[in-house]
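Chemist: sequence and predicted structure below; questions after.
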Amino acid sequence: MGSALPSPARRPHHEEVPRLLHSSEFPDLDALITAAGEAPALFVAPVDALDALLLRIAPNQDVVVDTASDALIAHRRQRLAHAERLGNDRLTGLMARQPFLRHLEDWPPPGVERPVRSLLVLDLDRFKAVNDRFGHLAGDQVLAEVGQRVREALPDGALGARIGGEEIAVVLEAGHEEAMDLARRLHGLVREKPLTDHRLQLTVSVAVATAGAGVDAQALLNQADGAVYAAKAAGRDRVVHASDVQREAIERDIDPAVQGFENMTRVIADRVADLLARRGRALFEELQEQAEIDALTGLYTRRYLDRRLAFEIEEGERPFSAALVDIDHFGNVNKEHGWPSGDRVLAGVAARIVSCVRETDWVARYGGEEFLVVLPGAGLSEAHTVLERIRLRVGGRAIETTDAVPLRITVSAGVVELEPDESLSAFKERMSSQLLAAKRGGRNRVQS
């Protein structure tokens, strides 16, 4: 939304070579983006700035890392210049923004009478959530698929272009009804089936503005822009004609400019609320993950273990087995070699346990030097085999202390299979008893 025509005095020529802009020559990204404007440009920036730049660059601009060779930079500039000459957007296959805006501004050609044209603007709803959740590659795939659907649906004489991040515009010589028919068809094409391998079901808000030759390009863009805000403010996922927006304002005895401002305010407020909600969810998920993953071993925590184990016993498949694993003589490691070496042993044992379990199994740190291995779908015999593999893997190769002293570490394990109608506490108690039996039997053994 908010498309504006380039000033005729600064309108880029088709043969213009894209500018080369180094981020190191500007105080910040805002200054870098401002310097480029909407002209073709190739940005050279450090890798940690790429994501921020990709969100903000125009379709006729590109980015390379500052470690790129001179040959690669020259190649990318040549490709940009070629794309600009063709006037194509590289993602959608539609016309690029600047040639499209020039086409709007130059209509109708001298001596040609074309009394009516319509401009359609398609704005994907909540598109930024796609980038935030699935990454910019998925976002690019969405744009490519939507561009293809639009291209295939355009009637003869219609011209489509990508005019903004998630905005596509179509201009055609048609009146109100014909333009609305096309808008409804495009609206349906975006929604008719999921997009990308992620099977994303997106919606789109479509605005239509119709005017004669006496209305210039910028006024037509402004009408369509206002209709986009009206569609978004009304709940998104709809087709709105600019004339209907103006009629509604008149019927409500409200100045159309005031209503346009109200729509814009409502949309911006909703976007801010949506952004805060998404960032809040991401923060909560991050904190939850931190609470459920043990920082030292990378295994699940006791908090997660208790919740998931109870659920799987209540709802999971049968047979169902689990084992309690304990590092033998672990206290001596801390006493003789220090806590950092003890931490290294814990992390090393955890990694070896994980390397031995099946894809369907999961492992948690039960407490201190104890681990719980959960084996859904495994009977006692199969579970014993897995734990024996773990025992041999842990004891088969030394783990070095922080002073590079090799330690031979062994583990003991108690394995049990869940009995019919057995409670969680009784199940864990039997595991503990079997582990104790393994310890009493001489350690470095699996008791089942």
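Modeler: Great, that's in hand.

Chemist: what sits against H198?
Modeler: F134, A138 (CB atoms under 8 Å, 6 or more residues apart in numbering). C-betas here are computed from N, CA, C, even on glycine.

Chemist: helix, strand, or coil at it?
Modeler: Following DSSP: H, G, I helix; E, B strand; the rest coil, the label given to H198 is coil.

Chemist: roughly how far does it sit from R149?
Modeler: H198 is 17 Å from R149, where distance means CB to CB, to the nearest Å.

Chemist: ok, now Q223?
Modeler: Distance of Q223 to R149, given as CB to CB: 25 Å.

Chemist: can you list the residue ranges for helices in the stretch 151-300 of the chain?
Modeler: 176-191, 217-233, 242-251, 256-292 (DSSP state H, counting those that start in this stretch).

Chemist: L80 is nearest to which of those?
Modeler: Closest approach to L80 among the helices of the stretch 151-300 of the chain is made by helix 217-233 (25.0 Å; CB to CB).

Chemist: thinking again about what came up before, neighbour count for Q223 and R149, which is higher?
Modeler: Using other CB atoms under 10 Å, the more surrounded residue of Q223 and R149 is Q223, with 24 against 17.

Chemist: please save the CA atoms from stretch 340-355 in CSV.
Modeler: Extracted in CSV, the C-alpha atoms of stretch 340-355 (Å, rounded to 0.1, in the frame of the first residue of the first chain):
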residue,chain,number,x,y,z
PRO,A,340,33.8,-28.7,35.0
SER,A,341,35.1,-32.2,34.2
GLY,A,342,31.9,-33.6,35.8
ASP,A,343,29.9,-31.5,33.4
ARG,A,344,31.9,-32.7,30.5
VAL,A,345,31.2,-36.3,31.6
LEU,A,346,27.5,-35.6,31.9
ALA,A,347,27.3,-34.1,28.4
GLY,A,348,29.4,-36.9,26.9
VAL,A,349,27.2,-39.6,28.4
ALA,A,350,24.0,-37.8,27.3
ALA,A,351,25.3,-37.6,23.7
ARG,A,352,26.2,-41.3,23.7
ILE,A,353,22.8,-42.3,25.0
VAL,A,354,21.0,-40.3,22.4
SER,A,355,23.2,-41.8,19.7
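
Chemist: who touches that stretch?
Modeler: The list of residues contacting stretch 340-355 from outside it, by CB under 8 Å, 6+ apart, reads 296-299, 325, 327, 330, 333-334, 363, 365, 369, 371, 373, 390, 393-394, 399-403, 405, 407, 409, 411.

Chemist: can you list the low-confidence ranges for the stretch 101-250 of the chain?
Modeler: 109-114 (pLDDT under 70).

Chemist: 90 - rerun?
Modeler: Scanning the stretch 101-250 of the chain for pLDDT under 90 picks out the ranges 101-116, 126, 128-140, 156-157, 164-165, 191-193, 196-199, 211-219, 233-234, 244-250.

Chemist: any chance you could map the helices in the stretch 301-448 of the chain?
Modeler: Under DSSP H, counting those that start in this stretch, the stretch 301-448 of the chain gives helices at 302-315, 330-337, 339-356, 380-396, 424-440.

Chemist: of all the ones you listed, which lies closest to A41?
Modeler: Here helix 339-356 is closest among these (CB to CB), at 47.1 Å.

Chemist: tell me what angle the closest one forms with helix 330-337.
Modeler: If you take axes from the mean of the first three to the mean of the last three CA atoms, to 10 degrees, helix 339-356 sits at 140 degrees to helix 330-337.

Chemist: in helix 339-356, which residues are buried?
Modeler: Buried positions in helix 339-356, judged by neighbour count with 16 or more other CB atoms under 10 Å: 341-342, 344-350, 352-354, 356.

Chemist: quick one: A323 and F311, what's the gap?
Modeler: Remark: distance between A323 and F311 (CB to CB) = 19 Å.

Chemist: neighbour count: the two, which is higher?
Modeler: A323 (28 against 10).

Chemist: one step back: distance to L55 added to the helices of the stretch 151-300 of the chain, as a markdown table?
Modeler: Converted to a markdown table, the helices of the stretch 151-300 of the chain look like this (distance: least, CB to CB, whole Å):
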| stretch | distance to L55 |
| --- | --- |
| helix 176-191 | 22 |
| helix 217-233 | 20 |
| helix 242-251 | 29 |
| helix 256-292 | 13 |
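
Chemist: of those, which is nearest R133?
Modeler: Here helix 256-292 is closest among the helices of the stretch 151-300 of the chain (CB to CB), at 7.9 Å.

Chemist: domains in the chain, as residue ranges please.
Modeler: Domain assignment of the chain by automatic domain parsing yields the ranges 1-86, 90-287, 302-447.
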